[in-house]
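Participant: model the structure of this input:
(4 chains)
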There are 2 protein chains.
Amino acid sequence: MLKTNEVMDVEKVAMTLKLLGDKTRLIMVKLLDSHDCCVCEFVEIFKTSQPSISQHLRKLRDVGLVKEERRGQWIFYSLNKDNSYYCFVQQVLGQLPSQDHKLKELEEQGTRITCC
Amino acid sequence: MLKTNEVMDVEKVAMTLKLLGDKTRLIMVKLLDSHDCCVCEFVEIFKTSQPSISQHLRKLRDVGLVKEERRGQWIFYSLNKDNSYYCFVQQVLGQLPSQDHKLKELEEQGTRITCC
DNA sequence: TGAGTATATAAGTATATTATTATATACTTA
DNA sequence: TAAGTATATAATAATATACTTATATACTCA
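Facilitator: Sure, this is the predicted structure:
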């Protein structure tokens, strides 16, 4: 894993920023920075279709920013700490306000998944 | 100007990241972080058309990330330090390797503009 | 003032991105 | 094993983006 200040490939940084440059994905990644989440939680949070969420997650997964893990019926996503640009992403996310209130809302609604 | 850790609008952060998520613009902004540059220098550096460069600069200008200043025949661009997201952008750029070698090449070629 | 240089903008085209709809896969549980 | 739930993928349509070509504007200097 690259440490901050080690040499980074500008092209890959641009690609990472482009991925984060979408409101839905940015909030997703920010949420994942503090909690693993499953697909249906994102569907609920973003009030959008399940395929749309899956496609965003796929993009993040394709570049190795997130990883998936099945837990029973659900597939949970988490940040991939082994990714070369994990530290870089952390620095960016660190400047963003927490989005955890969105998860709180799910808990209040009773739609937060806490299996396993 | 927002300090890092003050509340930022996620939507605007996403928009900023999207703008930086283009290799040409990312390098432009990184270069501007250390030196003002004029349009024709960018044209030379990126080996692309002048309108293409102008259009990238316009996008950056439209959100207030950069500002322009005429100096004689040339228009010089610089980072807009008054922008609310200047600090945020600084943090991102700080993690990128310097791109100043591109300006060095111009100097060696004799195509660096140093008017005024 | 006219020619040359620097830059911006408009229009058109090619490509990329995002969301939707339809469908397939995989797991759970009665 | 059948029905229900969760997720992924494929195909398509709508929209956004980036580059090119053509043209307009503004400055400089002979």
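Participant: kindly list the longest helix within chain A.
Facilitator: helix A:50-62 (DSSP state H).
Participant: downstream of that one, the next helix or strand is which one?
Facilitator: Reading on from helix A:50-62 to the C-terminus, the next helix or strand found by DSSP states H and E is strand A:66-71.
Participant: can you give me the helices for chain A?
Facilitator: For chain A, the helices defined by DSSP H cover A:10-20, A:23-32, A:39-46, A:50-62, A:86-94, A:101-109.
Participant: and those: which comes nearest DNA strand C?
Facilitator: Counting by Cβ to the nearest atom of the strand, DNA strand C lies closest to helix A:50-62 out of the helices of chain A; the figure is 3.3 Å. Glycine gets a C-beta too; all of them are placed from N, C-alpha and C.
Participant: CA atoms of that closest one as CSV?
Facilitator: Presented in CSV, the C-alpha positions along helix A:50-62 are these (Å, rounded to 0.1, in the frame of the first residue of the first chain):
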residue,chain,number,x,y,z
GLN,A,50,-31.1,-1.5,-6.9
PRO,A,51,-29.4,-2.0,-10.3
SER,A,52,-28.2,1.6,-10.2
ILE,A,53,-26.6,1.0,-6.8
SER,A,54,-25.1,-2.3,-7.9
GLN,A,55,-23.6,-0.5,-10.9
HIS,A,56,-22.0,2.2,-8.8
LEU,A,57,-20.6,-0.5,-6.5
ARG,A,58,-19.2,-2.4,-9.4
LYS,A,59,-17.3,0.7,-10.6
LEU,A,60,-15.8,1.1,-7.2
ARG,A,61,-15.0,-2.6,-7.0
ASP,A,62,-13.5,-2.7,-10.5
